[in-house]
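[1] give me coordinates for this.
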Amino acid sequence: MLRDPECCRSTIIGVALLAISLLFLPGRAAGAASPITYTIDLTHPDSHLVGVTMTVARARPETEIQFPAWNALYQMRDFVRDVEDLQAECSGAPLALTPVDVNTWKTGARPCAPLVAHYQVYANQPGVFSSELIPGHAYLNPAQLLFYIPRERGQPCAARFILPSDWKLATLLPGDGPEFTAPDYDSLADSPIEAGSFQLYSFNQSGGLYRIIVRGDPANYSSSRLLDSIQKITAAETALMRSHPCARYAFIFHFTEANDGGGMEHACGAVIGFPAPLIEAGWSGLEDTIAHEFFHLWNVKRIRPQGLEPVDYIHGNDTRDLWFSEGVTSTYSALVLLRAGLMSREEFYAHLAAAIQHLQGRPARHYQSVELSGMDAWLEKYPDYNRPERSISYYNKGELLGDLLDLEIRHASGNSHSLDDLMRRLNVDFAEHGKTFTDADLKMIIGSLGPPPVWVRSFFAGDVDGTEELDYQKYLSFAGLKLDVESSLTPDWGFEAAQDFDGTMRVATVEVSSDAARAGIETGDILVAADGQKLYVLPQRLEGVKPGQRVKLQVMRGSKNLTLKFSLGSRRETSYRIEEMADATPEEIALRNGWLTGRESSMAGGASGR
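    Numbering: from 1, shown residues only. Below is the predicted model of the structure:
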């Protein structure tokens, strides 16, 4: 591990002097066409304006240029709202572009050699899902900055960055300069950029180079602990999948005071935001995010359901399979932490029990299937959609389905097959051949691993497409585990709130008879602090608060900063606990050990090591 970023300057893609070019990941064959080039000017950070020049060497008559309405995060965000001062030239002469719709412009009746478009993009939103240009720092998601030609998305691209003189630049992509190209727009759009000042660490593992780029105060985190966690997670997941698609992989971390946490996967890297004040106490949460995003290297980025291809930047894609793409990835984030030695069995059981409690606490589970939850992902930008009575989470229920599926496969196959085999089959049979999979493919592979056809049909009809209650005890008993149910009084804040992708927490609904309502809490209020402490999690997730406790809540309502005092109510909540059965059979213990360690074996010989 390296604490001094200057030691690794040769691995940084670009040194800030004047103009820097980037190479984007190899993808589909680009052919001999001249690349569409982008010059991206970051030299005016005070204005938050990114200057962009797009050059098309030869543009046909009536060429359309288009700006994405979304990318990666399943929310329509209308990126074009930040575009200003769009001007164009055709073969050196001024050209008036004709608006086609809010995202699209068209050239005239004659070809252009070249077509040049100049414009600026206002980039002033922090977080891994957005773009930001401020003094000393830039983080850019190219889909939020760059036009593309819809009919020529497969054409090669090149990008050149003009930086302030004292800035460095890094990206998730391989290469050391000076001239680089992208095979197509999709590869470019999937390649975020970090610029300004940051720390850089690196290590080699199993023949691959890992780079860790951190924006944050080194005093706020332990670099040695960070690298140790990453090394254990990456080693466990590559061993599980028995492959690694990238010779170089990069993590970009944002450890700042902002409440803009989250993670976003990319083709050979991930970007993770985690509030600096929560790092020490929330290290297990950081490790969980790292494990989740790294597993996306396979599941989502390469193991892709048919509905996600090709990416439709204007209308969005069919996301009904997010229970598998995101939910089963969450299954593995917990299993990998356990198998990597970063989580104990007791902690794993507690994590699984909490996931059960979360789903069982949402009445919407009775009428929104996990498949429909994925299809409705586009509604998550509305805080009131996230009410327990309105929706369930495809992350949450998908994670549970992944565990139940794993237990069923192991039980039906005598512990000789598992969910791991399903993931490896999808990787070998589909991802490595550039193919997407369908529900029929998924059902076929699951059936080949042991579960009988009637069970496979019932699982998809009742648990994926339907809203039947999950029979947790049935599947846990296969591993000699039991689910205990308890009831206790917990604090009731009197309102429901949801967190936006940028970290903003808003009140979604208020109970009219609650003390919070009488104190003046209103729907739409932005939650800022509780008892003088800045909120980084929803109030309902705060630890140490008790029913009847008097609290002081700071909220923003428009331009007003309000402090509201009220007493917490109480409500009875069902909680769950998972325990190992004292009378578990050797076969059940063998299956449990196989599940938790990732080993498959004959049940007859796997009873040791309880």
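
[2] state the pLDDT value of C7.
    We have a pLDDT of 36 for C7.

[3] could you shift the numbering so residue one becomes 8, and keep it that way?
    Fine by me, first position is 8 from now on; the one you just mentioned is C14.

[4] ramachandran coordinates for A66?
    Backbone geometry at A66, expressed as degrees, to the nearest 10, gives phi -110, psi 130.

[5] my guess is it meets T114, correct?
    Yes. Using C-beta atoms under 8 Å, A66 makes contact with T114 at a distance of 6.2 Å. (Glycine included, C-beta is placed from N, CA and C.)

[6] show the end-to-end separation of stretch 538-556, please.
    In stretch 538-556, first residue to last residue: 11 Å (C-alpha to C-alpha, to the nearest Å).

[7] next: stretch 495-510.
    End-to-end for stretch 495-510, by C-alpha to C-alpha: 30 Å.

[8] buried ones in that stretch?
    498-510 (16 or more other C-beta atoms under 10 Å).

[9] ditto for stretch 530-548
    So, applying 16+ other C-beta under 10 Å, buried residues of stretch 530-548: 532-535, 537, 542-544, 546.

[10] where does this protein dip in pLDDT?
    8-39, 180-187, 607-617 (pLDDT under 70).

[11] in it, which spans are helices?
    Per DSSP state H, the chain carries helices over the ranges 192-196, 230-248, 290-302, 329, 335-346, 352-367, 377-382, 401-419, 426-436, 446-455, 460-465, 479-485, 522-526, 593-604.

[12] buried ones in the second one, by neighbour count?
    Buried residues in helix 230-248, counting neighbours by 16+ other C-beta under 10 Å, are found at 233-234, 236-237, 239-241, 243-245, 247-248.

[13] among those, which one lies nearest to D478?
    L247 (26.9 Å; C-beta to C-beta).

[14] which residues sit in contact with the closest one?
    The contact partners of L247, by C-beta atoms under 8 Å, 6 or more residues apart in numbering, come to 339, 343, 346, 427, 430, 605.

[15] quick one: contacts for the first one?
    So the one you mean is Y339. Taking C-beta under 8 Å, 6+ apart as the test, what Y339 contacts is 244, 247, 298-299, 302, 306, 409, 430.

[16] what's the spacing between it and L93?
    44 Å (C-beta to C-beta, to the nearest Å).

[17] can you check L152 too?
    13 Å.

[18] likewise for V435?
    46 Å.

[19] check G115 too.
    G115 is 15 Å from L93, where distance means C-beta to C-beta.

[20] do P42 as well
    For P42 relative to L93 (C-beta to C-beta), the value is 21 Å.

[21] in strands, which of the buried residues of stretch 530-548 appear?
    With strands taken from DSSP state E, the overlap with the buried residues of stretch 530-548 comprises 533-535, 537.

[22] middle-most residue in this structure, spatially?
    For the chain, M271 is the residue whose C-alpha lies nearest the centre (C-alpha atoms, centre = their mean; 3.7 Å).

[23] which strand residues bridge that residue?
    V278 (DSSP bridges).

[24] my guess is it contacts T296. True?
    No. Using C-beta under 8 Å, M271 is not in contact with T296, being 10.4 Å away.

[25] overlap in contacts of those two?
    Contact criterion C-beta under 8 Å, 6+ apart; residues shared by M271 and T296: I279.

[26] can you give me the buried ones in stretch 383-397?
    383-385, 387-388, 390-391, 393-394, 397.

[27] closest to T50 out of those residues?
    Looking across those and measuring by C-beta to C-beta, the closest to T50 is K388, at 32.6 Å.

[28] and P75, how far from S172?
    Using C-beta to C-beta, P75 is found at 31 Å from S172.

[29] same drill for these two, tell me which one is more crowded.
    A side-by-side neighbour count of P75 and S172, using other C-beta atoms under 10 Å, places P75 first with 25 against 8.

[30] what's the closest non-adjacent residue to the more buried one?
    Ranked by C-beta to C-beta, 6 or more residues apart in numbering and with sequence neighbours excluded, the top spatial neighbour of P75 is Y320, at 3.7 Å.

[31] okay, now that neighbour: neighbour count?
    22.

[32] next up, the contacts around the residue lying closest to S577 once chain neighbours are set aside.
    Distances taken as C-beta to C-beta, 6+ apart place P554 nearest to S577, at 3.4 Å, with adjacent residues excluded. P554 sits next to 496-499, 575-577 when contact means C-beta under 8 Å, 6+ apart.

[33] closest one of those to M350?
    The closest of the contacts of P554, once distances to M350 are taken by C-beta to C-beta, is T497, at 24.9 Å.

[34] thinking again about what came up before, most tightly surrounded among the helices of the chain?
    helix 329 (a mean of 27; mean count of other C-beta atoms under 10 Å).

[35] need the residues that contact that helix.
    Under C-beta under 8 Å, 6+ apart, the answer for helix 329 is 81, 380-381, 384, 401, 405.

[36] what sits against the residue nearest to R117 when sequence neighbours are not counted?
    Closest residue to R117 apart from its sequence neighbours, by C-beta to C-beta, 6+ apart: P68 at 5.8 Å. Taking C-beta under 8 Å, 6+ apart as the contact definition, P68 lies against 114-118.

[37] S98 versus P68, what's the distance?
    Taking C-beta to C-beta, one finds P68 at 12 Å from S98.

[38] which strand residues bridge the closest residue in space to T111 that isn't next to it in sequence?
    Sequence neighbours aside, Q73 is the residue nearest to T111 in space, at 4.6 Å (criterion: C-beta to C-beta, 6+ apart). Beta-bridge partners for Q73, by DSSP bridges, are T111, Y155.

[39] identify the residues contacting Q73.
    Shown in contact with Q73 (C-beta under 8 Å, 6+ apart): 110-112, 154-157, 320-321.

[40] switch to 7 Å and redo it
    Q73 makes contact with 110-111, 154-155, 157, according to C-beta atoms under 7 Å, 6 or more residues apart in numbering.

[41] one more: G405?
    The neighbours of G405, taking C-beta under 7 Å, 6+ apart as the test, are 330-331, 333-335, 337, 377.

[42] which of those residues sit farthest apart?
    Farthest-apart pair in those is S337 and V377; separation 12.2 Å (C-beta to C-beta).

[43] contacting residues for the residue nearest to the centre of the chain?
    M271 is in contact with 79, 135-136, 277-278, counting by C-beta under 7 Å, 6+ apart.

[44] need the residues you listed in TSV with distance to M61 and neighbour count, can you?
    TSV is the format used below for the contacts of M271 (distance: C-beta to C-beta, whole Å; neighbours: other C-beta atoms under 10 Å):
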residue	distance to M61	neighbour count
A79	21	19
V135	25	25
F136	23	23
A277	28	25
V278	24	25
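
[45] columns distance to L560 on top of those residues, output as CSV?
    Conversion of these to CSV gives the following (distance: C-beta to C-beta, whole Å):
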residue, distance to L560
A79, 33
V135, 28
F136, 27
A277, 34
V278, 32
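
[46] from the residues you listed, which single one is nearest D325?
    The closest of those, once distances to D325 are taken by C-beta to C-beta, is A79, at 15.8 Å.

[47] what are the phi and psi values at the closest one?
    phi 70, psi -70.

[48] roughly how far apart are it and Y320?
    10 Å.

[49] likewise for L179?
    L179 sits 20 Å away from Y320, going by C-beta to C-beta.

[50] what sits against A76?
    A76 touches 83-86, 110, 320-321, counting by C-beta under 7 Å, 6+ apart.
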